[in-house]
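In: Sequence first, then the predicted structure:
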Amino acid sequence: MKIRVRDHVKIATDKMAKIGLAGTGRTQLDLYCVAPGQSQSPHRHEGEDKIYYVIEGTGRFRVGESEERLEAGEAVVAPAGVDHGLVNDGPTLLLVLVVVAPPPAHMKR
């Protein structure tokens with residue numbers, strides 16, 4: 001299944017847009033569209049690992065006690081059970097591909 005990521009970009013003014021691109025019983029692929037000033041509050045998943053891969057823009061990503069600034073072409077992994085989140089503190093749209101494995105029970109297809 002070919003996915004043209006750019007065709008799915010959406011900008012929401014009230015909160016970051018989370019777009020489901022694809023999923024199987026073993027993995028989920030999402031696109032996060034994060035406007036300047038928007039964020040994803042730190043949270044955790046007890047049974048799922050999450051990978052954030054920046055395709056455009058820059059932002060701060062928190063995993064556990066560590067915080068990293070990522071730009072296009074960089075990624076960070078949040079293991080299951082570890083707090084993680086992000087904030088777009090830059091001047092442009094932040095686009096992030098997010099892989100979750102296994103997908104949350106409510107997302108399994």
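Out: On my side now, so go ahead.

In: pLDDT at residue 109, what is it?
Out: Per-residue pLDDT puts residue 109 at 47.

In: Name all residues that make contact with the nearest residue to residue 33 once chain neighbours are set aside.
Out: In space, and not counting its chain neighbours, residue 33 is closest to residue 17: 4.2 Å by CB to CB, 6 or more residues apart in numbering. In short, each C-beta sits where N, CA and C put it, glycine included. Counting by CB atoms under 8 Å, 6 or more residues apart in numbering, residue 17 makes contact with 10, 11, 32, 33, 34.

In: Checking the second one next. Helix, strand or coil?
Out: Three-state assignment for residue 11 (DSSP: H, G, I helix; E, B strand; the rest coil): coil.

In: isn't it right up against residue 35?
Out: Yes - taking contacts as CB atoms under 8 Å, residue 11 lies within contact range of residue 35: 5.7 Å.

In: Those two: which has the busier surroundings?
Out: For residue 11 versus residue 35, neighbours defined as other CB atoms under 10 Å are more numerous around residue 35 (17 against 11).

In: and the gap between the residue nearest the centre of the chain and residue 1?
Out: Geometric centre of the chain, nearest residue: residue 98, 4.1 Å, by CA atoms, centre = their mean. Distance, residue 98 to residue 1, by CB to CB, to the nearest Å: 17 Å.

In: what do residue 11 and residue 35 both touch?
Out: Common neighbours of residue 11 and residue 35, counting by CB under 8 Å, 6+ apart, are residue 93.

In: can you pick the most crowded of the contacts of residue 17?
Out: Neighbour max across these (other CB under 10 Å) = residue 34, 24 neighbours.

In: contacting residues around it?
Out: By CB under 8 Å, 6+ apart, residue 34 lies in contact with 16, 17, 40, 57, 59, 86, 88, 93, 94, 95, 96.

In: can you do 10 Å?
Out: By CB atoms under 10 Å, 6 or more residues apart in numbering, residue 34 lies in contact with 11-12, 15-18, 40, 57, 59, 86-88, 90, 93-96.

In: what do you get for residue 48?
Out: Residues counted as contacts of residue 48 (CB under 10 Å, 6+ apart) are 27-28, 78-81, 99-105, 107.
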